[in-house]
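Novice: what would the 3D arrangement of this be:
(one chain, ligands or ions: 1)
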Amino acid sequence: MHPDLQGIKVAVLGGDAREIILVSELSRLGIKLQVVGLPVQNTPNVTTCCNIADALRGVQAVILPVPGINKDGTVYSIFNDQPLELNEKLLVSLPADTPVFAGFARELLVKMVKRCNLRLIEVLKQDHVAILNSIPSAEGAVQMAMEATPITIHGSNSFVLGYGRTGATLARLLQGMGAKVTVVARKEAHLARVYEIGMRPLTYDDLLKHVSEADIIFNTVPALVLTSGVLSRASSEVVIIDLASPPGGTDFDAAERLGIKALLAPGLPGKVAPKTAGQILAQVIPRLLAEELGL
Ligand code: NAP
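Specialist: As a prediction, the model looks like this:
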């Protein structure tokens, strides 16, 4: 059950299909939404605004899209012809401690929110949200691999680098599809769990020895793990799907030099399953709003 959020005023700035679902769900809870940059209709609970200043007027909380803003302050907003620029002049109009939600925040947003005395809540940093979000991410990665390879996932030698929230979900999905799954991780406990569920565990040192066996490599580690040294031992036919946040964990220049197909795959939930991804946000944001606003 959702907390009583009737009548609270919230700004929604930009986004993609996920935020359209979110606006619809939040408005059903009686939240008054001031929306900019999304193709939504005006209703008693939804007011569309022409600019960020209007959307921020009198609100108790701000919802930014999952990727937040880029390094120039442009709000991620796929439906807008004109860029939506967020800056401190706009944010400083909000009362101190106003919660600002984003999926995750890059450096500029962290700085701006701090300097304006607001509170940043990175929704995807919450463990349960990251786990739920790993479901569409894993499916999207598999879809990309299916499109990029001439082989089936079934029977493929699929390597998953990293055994965190995304890596664990992806490895299990691949195993369920009949792939021969190798998981590369650094924690003993992760390697033991991988062995227990019938996949092959490998350390990063062992990766060098075995990488030539891989048909597909899925990277979920947000650090350079697919170095030119590792890639030079891989088959030129291997396909790399790098899910880690940009710039990913692959030396893409080396991959290109070696003729290896390597694809960076950001924002998969929003691309392959916007409805589910929006519903995940709609499940968690009401409770977070209530917590942050002390309701
Ligand atoms: P997570 O739960 O923190 O898992 C990260 C994994 O990377 C862990 O296994 C961690 O190992 C490992 N790792 C981190 N730094 C490492 C290093 N220097 N060397 C070796 N291993 C290292 O994160 P997650 O939620 O799975 O997300 C993983 C990445 O995918 C993030 O960059 C996230 O932003 C991105 N992501 C992308 C999409 C998309 O659509 N493309 C969707 C979801 C997430 P330990 O456990 O040993 O620390």
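
Novice: now do the helices in the stretch 51-200 of the chain.
Specialist: Along the stretch 51-200 of the chain, the segments classed as helices by DSSP state H, counting those that start in this stretch run 52-56, 88-91, 107-115, 127-148, 165-176, 188-196.

Novice: helices or strands up against the third one?
Specialist: When contacts are defined as 3 or more C-beta pairs under 8 Å, 6 or more residues apart in numbering; DSSP states H and E, helix 107-115 sits against helix 88-91, strand 99-102, strand 119-122. For glycine as for every other residue, the C-beta is placed from the backbone atoms N, C-alpha and C.

Novice: then it to PDB, C-alphas only?
Specialist: Presented in PDB, the C-alpha positions along helix 107-115 are these (Å, rounded to 0.1, in the frame of the first residue of the first chain):
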ATOM      1  CA  GLU A 107      29.300  15.000 -10.500                       C
ATOM      2  CA  LEU A 108      27.700  18.200 -11.700                       C
ATOM      3  CA  LEU A 109      24.300  17.300 -10.200                       C
ATOM      4  CA  VAL A 110      25.900  16.300  -6.900                       C
ATOM      5  CA  LYS A 111      27.700  19.700  -6.800                       C
ATOM      6  CA  MET A 112      24.600  21.700  -7.800                       C
ATOM      7  CA  VAL A 113      22.300  20.100  -5.300                       C
ATOM      8  CA  LYS A 114      24.900  20.500  -2.500                       C
ATOM      9  CA  ARG A 115      25.500  24.100  -3.300                       C
END
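
Novice: how about the closest residue to the ligand within the chain, what does it touch?
Specialist: Residue of the chain nearest the ligand, by C-beta to the nearest ligand atom: G164 (1.8 Å). Neighbouring residues of G164 by C-beta atoms under 8 Å, 6 or more residues apart in numbering: T220.

Novice: for it, phi and psi?
Specialist: Per-residue torsions, G164: phi -90, psi -150 (degrees, to the nearest 10).

Novice: what pLDDT is listed against it?
Specialist: In this model, G164 is scored at 98, pLDDT.

Novice: mind putting the helices and strands packed on helix 107-115 in TSV, distance to the ligand and mean neighbour count included?
Specialist: Shown next, in TSV, are the helices and strands packed on helix 107-115 (distance: least, C-beta to the nearest ligand atom, whole Å; neighbours: other C-beta atoms under 10 Å):
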stretch	distance to the ligand	mean neighbour count
helix 88-91	24	15
strand 99-102	13	24
strand 119-122	11	16
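
Novice: save these as a markdown table, and put in mean pLDDT too.
Specialist: Converted to a markdown table, these look like this (pLDDT from 0 to 100):
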| stretch | mean pLDDT |
| --- | --- |
| helix 88-91 | 98 |
| strand 99-102 | 98 |
| strand 119-122 | 98 |
